[in-house]
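In: okay, predicted coordinates and the sequence, questions at the end:
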Amino acid sequence: MSIHSIDLPDDVDKLQALVHRQQSQLEENTHRIEAHKERISFLEEFIRLLKHKRFGRSSEQGSTSQLGLFNEAEHTLDSEEDADEEEESVQVAAHERKKRGRKPLASWIPRIEIRHDLPEDEKFCKHDGHPLKEMGQEVSEQLELIPATIQVLRHVRPKYACPKCKTGIRIAPVPPQLIPKSIATPSLLAYVAVSKYADGLPLYRQEKMLQRGGIDLPRATLASWMVKAGDAVQPLINLMREDMHAEDILLCDETRFQVLKEPGKPATSQSYLWAQRGGTEERPILLYDYDPSRSGEVPKRLLEGFHGYLQTDGFEGYNAVCEEYGLIHVGCWAHARRRFDEALKAQGKNRKKGSKRSAKESKALQGLSFIQKLYRIERQIAEKPPDERYRIRQEQSKPVIEKLRKWLDGSIGAVPPESLTGKAMGYLDKQWEKLIRYLDDGRLRIDTNLVENSIRPFVIGRKNWLFADTVKGAQASANLYSIIETAKANGLEPYTYLRLIFSALPMTTTLEDIEGLLPHRKDPSQLPESGKT
């Protein structure tokens with residue numbers, strides 16, 4: 001008898017039991033194989049996404065031909081509808097093509113005229129010898145850069161005394177300074193702050209640059225100045241927060257922030273910088289706050305006293321503050337779009353021409369095409385007033401969202417939930433009520449890109465200086481980021497503005513004096529033009 005043969009029982013009941021056990025084992029193995037296949041598919045998908053992030057384009061702007069020609073999302077919903085009725089009509093505003101060419105150099109830059117004239121013996125006509133007469137000029141300009149001028153301000157205070165009684169020496173008081181007994185002038189403090197927080201130039205590099213100019217300023221000194229400057233602008237930060245909370249729309253986001261010497265935490269642990277953007281469209285306010293935690297208690301502290309719309313990404317840490325303060329939570333379509341975009345990119349580009357799309361690729365492309373329609377509408381109405389944006393959203397965006405909801409309900413179970421496409425659908429479904437709230441008010445944005453963009457300067461700077469040394473340094477950095485980024489958002493040149501407030505703050509005596517220095521209340525025309533300092 002073969003070693004592969006099986007001794008079958010003679011009893012029919014035992015034989016049926018054996019068959020049942022074999023069938024159960026076969027079904028269990030089949031389920032296990034299917035689970036392994038799904039796991040392998042997910043890992044392959046994830047690897048393709050990582051390769052794309054490492055080597056591919058980072059833009060989320062999909063292929064127009066791919067999204068435009070592939071229209072199966074609409075056909076899936078209703079194949080009987082006319083194709084012309086499926087496409088959303090968006091009016092494109094007429095525009096003029098800008099004339100190309102070099103921009104003229106700013107008028108405030110000093111001009112030094114260099115005259116290139118003919119030699120005296122060539123200023124005669126070659127034919128009859130008559131003197132030539134000047135008939136005009138041809139002028140061209142070049143831009144010259146002279147390295148920063150360094151000079152020492154000597155404060156001389158004469159002493160006076162009575163020559164007879166020889167008592168009671170009198171001397172003029174020391175002018176108020178932002179940092180008393182420091183050699184740093186407002187212009188130097190502004191230069192260091194803008195170089196680090198606006199240009200991402202670490203203090204150790206600034207130290208080397210100053211050394212090349214013959215100035216010995218250790219980075220420890222520069223760091224101490226930044227901490228003290230950050231403390232000095234705290235009154236401005238307090239008033240900016242009050243003005244921000246007086247409005248009813250606020251965007252929030254957060255990013256990691258490593259602080260080395262943080263009590264109770266190892267140096268390698270992560271803390272966070274919380275960003276908030278509020279104010280009005282014309283006068284935005286940006287505030288940054290350091291906190292060692294990412295818990296829901298942080299936004300409760302930061303948003304105390306605020307009422308209205310709070311727009312965030314899908315981070316659940318904001319749910320508690322919305323519930324406790326009665327805020328209207330608005331979602332972010334950019335995060336939903338990003339998930340479908342990543343799911344589509346994870347499918348790779350190896351599909352043969354003419355072959356059938358996989359379910360995951362098909363669904364990812366369908367979901368992305370819907371969201372791209374919403375963004376096309378937003379691009380066309382971006383410059384319109386809020387009431388007009390509201391009207392167009394109701395007429396054009398709302399029908400697209402209704403179709404998207406219908407598609408989602410019929411598609412969410414078509415792909416494995418742990419796949420990237422499944423996760424994109426799950427995010428869309430879970431965030432749905434928050435996502436559609438932007439339709440309710442024309443002042444609301446479709447996403448949180450404004451506050452995400454406000455974090456970008458910090459992220460770029462973080463790549464250079466990597467971490468903060470102390471908690472005080474982190475808090476001062478948050479304050480200076482708030483001042484600089486709000487100034488930039490309101491059209492103020494940051495160096496000129498910082499030099500102004502660093503000079504004026506020591507002189508302020510009333511609340512009105514401080515309010516007059518707020519960046520979102522300052523008219524750019526009240527400052528010297530960029531470079532005229």
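Out: Sure, I can see it. Numbers count the residues shown, from 1 in each chain.
In: separation between the closest residue to residue 241 other than its chain neighbours and residue 326?
Out: Leaving aside its sequence neighbours, residue 241 sits nearest to residue 287 (Cβ to Cβ, 6 or more residues apart in numbering; 6.1 Å). All C-beta atoms are positioned from the backbone trio N, CA, C, and that covers glycine. According to Cβ to Cβ, to the nearest Å, residue 287 and residue 326 sit 21 Å apart.
In: these two: who's more crowded?
Out: Comparing residue 287 with residue 326 by other Cβ atoms under 10 Å, the one with more neighbours is residue 287, at 25 against 9.
In: how near is the more buried one to residue 254?
Out: 12 Å.
In: same question for residue 526.
Out: Residue 526 is 34 Å from residue 254, by Cβ to Cβ.
In: overlap of the contact sets of residue 287 and residue 254?
Out: residue 275 (Cβ atoms under 8 Å, 6 or more residues apart in numbering).
In: the more surrounded of residue 526 and residue 254?
Out: residue 254 (23 against 11).
In: what's near enough to touch that one?
Out: 272, 273, 274, 275, 294, 315.
In: what's the neighbour count on the second one?
Out: Residue 273: 22 surrounding residues under other Cβ under 10 Å.
In: what's near enough to touch it?
Out: 254, 255, 256, 257, 288, 289, 290, 455, 458, 474, 478, 481.
In: ignoring the adjacent residues along the chain, who's closest to the fourth one?
Out: Pointing back at residue 257 there. residue 273 (4.3 Å).
In: Three-state assignment for the one you found, please.
Out: When classified by DSSP: H, G, I helix; E, B strand; the rest coil, residue 273 comes out as strand.
In: show me the beta-bridge partners of it.
Out: residue 255, residue 290 (DSSP bridges).
In: and it, how far from residue 205?
Out: Counting by Cβ to Cβ, the gap from residue 273 to residue 205 is 21 Å.
In: list the buried residues in the helix or strand where residue 422 lies.
Out: Taking DSSP states H and E as the definition, residue 422 sits inside helix 420-430. Residues of helix 420-430 classed as buried by neighbour count (16 or more other Cβ atoms under 10 Å): 420, 421, 422, 423, 424, 425, 427, 428.
In: next SSE after that helix?
Out: Note on helix 420-430: by DSSP H and E, the next helix or strand toward the C-terminus is helix 432-435.
In: least trustworthy helix or strand in the protein by mean pLDDT?
Out: When each helix and strand of the chain is scored by mean pLDDT, DSSP states H and E, helix 83-86 comes last, with a mean of 37.
In: strands paired with the helix or strand that comes right after it, and their directions?
Out: On the C-terminal side of helix 83-86, the nearest following helix or strand under DSSP H and E is strand 159-160. Here strand 159-160 has these sheet partners by DSSP bridges: strand 170-171 (antiparallel).
In: which residues touch the partner strand?
Out: 157, 158, 159, 160, 161.
In: ok, now stretch 237-253?
Out: 274-280, 285, 287, 299, 302-303, 305-313, 318, 443-445, 448, 450-452, 455, 479, 482-483, 486, 514-515, 518-520.
In: out of these, which are buried?
Out: 274-279, 285, 287, 299, 302-303, 306, 308-313, 318, 443-445, 448, 450-452, 455, 479, 482-483, 486, 514, 518-520.
In: from the residues you listed, which land in strands?
Out: If you go by DSSP state E, the buried ones among the contacts of stretch 237-253 have 274, 275, 276, 277, 278, 279, 285, 287, 309, 310, 311 in strands.
In: what is the most widely separated pair among the residues you listed?
Out: Within those, two members stand farthest from each other by Cβ to Cβ: 274 and 309, at 17.6 Å.
In: for the stretch 301-450 of the chain, give me the ranges with low pLDDT.
Out: 348-360 (pLDDT under 70).
In: again but with the chain, I slipped
Out: For the chain (pLDDT under 70), the answer is 1-9, 37-38, 41-42, 44-46, 48-100, 348-360, 463-467, 529-533.
In: just confirm residue 505 is within a helix.
Out: Yes. Checked against three-state DSSP, residue 505 lies within a helix.
In: number of residues surrounding it?
Out: Burial of residue 505, expressed as a neighbour count using other Cβ under 10 Å, amounts to 20.
In: surely it touches residue 517?
Out: Yes. The criterion here is Cβ atoms under 8 Å, and residue 505 meets it with residue 517 at 7.0 Å.
In: how about residue 304, nearest residue that isn't a chain neighbour?
Out: residue 325 (7.8 Å).
In: ok, now which ones touch that neighbour?
Out: Residue 325 neighbours (Cβ under 8 Å, 6+ apart): 300, 303, 304, 306, 307.
In: ranges for the helices of the stretch 151-300 of the chain?
Out: Applying DSSP state H, counting those that start in this stretch to the stretch 151-300 of the chain gives helices spanning 186-193, 203-212, 219-232, 234-246, 297-302.
In: just checking, what packs against the longest one?
Out: Applying 3 or more Cβ pairs under 8 Å, 6 or more residues apart in numbering; DSSP states H and E, one finds that helix 219-232 contacts helix 186-193, helix 203-212, helix 471-489.
In: for residue 233, find the nearest of those helices.
Out: helix 471-489 (5.4 Å).
In: which elements pack onto the closest one?
Out: Using 3+ Cβ pairs under 8 Å, 6+ apart, helix 471-489 sits against helix 219-232, helix 234-246, strand 259-261, strand 271-279, strand 284-291, helix 449-465, helix 494-504.
In: so for residue 409, which of these sits nearest?
Out: Minimum separation from residue 409 across the helices and strands packed on helix 471-489 (Cβ to Cβ) falls at helix 449-465, 27.9 Å.
In: quick check: angle from that closest one to strand 284-291?
Out: 50 degrees (axes from the mean of the first three to the mean of the last three Cα atoms, to 10 degrees).
In: any buried residues in helix 449-465, and which?
Out: 450, 451, 452, 454, 455, 457, 458, 461, 462, 465.
In: relative to residue 497, which of those is nearest.
Out: Using Cβ to Cβ, the buried residues of helix 449-465 come closest to residue 497 at residue 457, 15.4 Å.
In: from residue 447, how far out is that closest one?
Out: Distance from residue 457 to residue 447, by Cβ to Cβ: 19 Å.
In: again, but for residue 326
Out: For residue 326, the distance to residue 447 - Cβ to Cβ - is 23 Å.
In: just residue 483 next, same as before
Out: For residue 483, the distance to residue 447 - Cβ to Cβ - is 26 Å.
In: same check on residue 403?
Out: For residue 403, the distance to residue 447 - Cβ to Cβ - is 20 Å.
In: what's the local residue count around residue 395?
Out: Other residues close to residue 395 by other Cβ under 10 Å number 12.
In: assign a three-state SS to it, would you?
Out: helix.
In: kindly report the same for the one 3 residues further on.
Out: Residue 398 falls in the helix class when you classify it by three-state DSSP.
In: how about the contacts made by it?
Out: Contacts of residue 398 by Cβ under 8 Å, 6+ apart are residue 439.
In: repeat that with 10 Å
Out: By Cβ atoms under 10 Å, 6 or more residues apart in numbering, the contact set of residue 398 is 392, 436, 439.
In: tell me the buried residues within those.
Out: Applying 16+ other Cβ under 10 Å to these flags 392, 436 as buried.
In: hey, which of the helices and strands packed on helix 219-232 is tucked in deepest?
Out: helix 471-489 (a mean of 24; mean count of other Cβ atoms under 10 Å).
In: give me the most central residue, the protein.
Out: For the chain, the residue nearest the mean C-alpha position is residue 453 (1.7 Å; Cα atoms, centre = their mean).
In: that one reaches residue 277, doesn't it?
Out: Yes. The criterion here is Cβ atoms under 10 Å, and residue 453 meets it with residue 277 at 9.0 Å.
In: anything in contact with each of the two?
Out: 253, 286, 485, 489.
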